[in-house]
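# just need the structure, nothing else, for what follows:
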Amino acid sequence: MAKIIECVPNFSEGRRQDVIDEIISSITIVEGVRLLDHEADPDHNRAVITFIGEPDPVKHAAFNAVQKASELIDMEQHKGEHPRMGATDVVPFIPISGTTMEDCAKLAAELGQEIGDKLKIPIFLYGEAASSEYPERKNLAVVRKGQYEGLKEVIETDPSRKPDFGPAKMHPKAGATAVGARMPLIAYNVNLNTTDLELARSIAKSIREKDGGFPFVKAMGFDIQDKGIVQVSMNLTNYLETPIYTVFNEIKRQCEEHNVEIIESELIGLSPMDALLDTSIQYLKLY
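Numbering: from 1, shown residues only. Here you go, the predicted structure:
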């Protein structure tokens with residue numbers, strides 16, 4: 001059985017298509033890598049690229065992409081709604097077939113060291129790749145606390161913010177990058193027909209795990225100015241424990257209490273098929 005690993009790097013660029021295309025080209029030039037999907041959001045100013053392959057080609061393609069992003073993206077100029085700390089913000093590896101989470105964690109450590117040594121970008125291992133020295137880094141939000149600007153102030157002085165690889169100093173253009181291993185994650189947004197940002201933030205707070213909401217849910221409220229709406233943006237880190245329909249139904253319930261309509265919901269990147277089938281079955285039962 002072939003060993004297949006998925007990689008879903010996120011880049012701090014969602015507006016300049018030429019830059020995104022160059023990053024994609026740096027990935028697809030690697031033999032043995034298959035591009036599955038790419039999406040860009042101008043409001044979040046972020047691109048998500050998904051590709052798969054055997055471990056070595058995937059690691060090679062990921063390094064190429066990080067290198068290309070470091071050349072083309074300047075974090076000193078970057079502005080966007082989504083939390084971020086680097087030109088390549090995160091590089092997660094996900095086991096697909098013939099591989100384990102341990103394989104992905106090992107690959108993350110190898111890539112992290114290569115990036116740190118060759119590109120001089122500080123690397124933080126997260127998720128299942130987090131080291132025993134920094135177990136709190138299993139949570140990406142801990143790694144990214146303060147975002148680019150905040151991390152820039154403390155990375156050189158706070159021992160708890162020391163990177164796993166590379167210099168304890170932000171790269172002058174590329175910032176810092178988190179490299180990790182995780183199970184499939186669903187990036188899911190719900191757009192509300194209102195400009196009430198406080199409502200979106202209140203709903204996000206009520207459903208996210210860290211504030212007593214649903215387990216395995218991370219959520220934030222964003223202002224999508226060019227559309228004149230607000231958004232509840234989520235990462236569902238274990239869709240088996242908290243499915244898509246669970247969070248959607250709760251958002252819908254709270255919106256109805258405030259006489260606000262949901263315009264649409266959207267997936268960013270790919271989703272496991274069973275998560276979509278499960279959601280479809282739940283709603284078919286209603287009719």
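# now the strands for the stretch 51-200 of the chain?
If you assign secondary structure with DSSP state E, counting those that start in this stretch, the strands in the stretch 51-200 of the chain sit at 88-97, 123-127, 177-181, 186-192.
# by contact count, what packs against the longest one?
Contact here means 3 or more CB pairs under 8 Å, 6 or more residues apart in numbering; DSSP states H and E; on that basis strand 88-97 packs against strand 4-7, strand 10-11, helix 55-72, helix 101-119, strand 177-181. In this view, the C-beta of every residue, glycine as well, is placed from N, C-alpha and C.
# so who does residue 283 touch?
The contact partners of residue 283, taken as CB atoms under 8 Å, 6 or more residues apart in numbering, are residue 245.
# what comes up buried for the helix or strand harbouring it?
Counting by DSSP states H and E, the element that carries residue 283 is helix 273-284. Applying a neighbour-count criterion of 16 or more other CB atoms under 10 Å, the buried positions in helix 273-284 are 275, 279.
# where does this structure have low pLDDT?
Segments of the chain classed as low confidence (criterion: pLDDT under 70) are 1, 286-287.
# give me whichever of the helices and strands packed on strand 88-97 is most buried.
Greatest average neighbour count among the helices and strands packed on strand 88-97 goes to strand 177-181 (a mean of 28), per mean count of other CB atoms under 10 Å.
# hang on, the earlier thing: the strands of the stretch 51-200 of the chain: which one's closest to residue 270?
If you check each of the strands of the stretch 51-200 of the chain against residue 270 by CB to CB, strand 186-192 wins as the nearest, at 8.9 Å.
# just checking: what are the partner strands of the closest one?
For strand 186-192, the paired strands and their directions (DSSP bridges) are strand 229-236 (antiparallel), strand 262-268 (antiparallel).
# out of those, which is the most enclosed?
Most buried of these, by mean neighbour count (mean count of other CB under 10 Å): strand 229-236, with a mean of 24.
# so what touches the very next helix or strand once past that one?
Where DSSP H and E defines the elements, the next helix or strand beyond strand 229-236 is helix 244-257. With CB under 8 Å, 6+ apart as the test, helix 244-257 has contacts from 186, 188, 190, 192, 202-203, 206-207, 214, 217, 219, 232, 234, 236, 261-262, 265, 275-276, 278-279, 282-283.
# at 7 Å what do you get?
The set of residues external to helix 244-257 that reach it, using CB atoms under 7 Å, 6 or more residues apart in numbering, is 186, 188, 190, 192, 203, 206-207, 214, 217, 232, 234, 236, 261-262, 265, 275, 279, 282-283.
# and the strands paired with strand 186-192 as TSV, adding distance to residue 134?
As requested, the strands paired with strand 186-192 are exported to TSV (distance: least, CB to CB, whole Å):
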stretch	distance to residue 134
strand 229-236	21
strand 262-268	28
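# looking at those strands, which is closest to residue 49?
With CB to CB as the measure, strand 262-268 is the member of the strands paired with strand 186-192 nearest residue 49 (11.4 Å).
# how far does the closest one sit from the chain's center?
Taking the mean of its C-alpha atoms, strand 262-268 sits 17 Å from the chain's own mean (CA atoms, centre = their mean, to the nearest Å).
# residues touching residue 36, list them.
50, 51, 52, 270.
# from residue 33, how far out is the second one?
Just to be clear, that refers to residue 51. Shown here: residue 51 relative to residue 33, a distance of 5 Å by CB to CB, to the nearest Å.
# give me the common contacts of those two.
Listed as contacting both residue 51 and residue 33 by CB under 7 Å, 6+ apart are 27, 61.
# neighbour count for these two, which is higher?
A side-by-side neighbour count of residue 51 and residue 33, using other CB atoms under 10 Å, places residue 51 first with 24 against 19.
# contact partners for that one?
Taking CB under 7 Å, 6+ apart, we find residue 51 in contact with 7, 27, 33, 34, 35, 36, 61.
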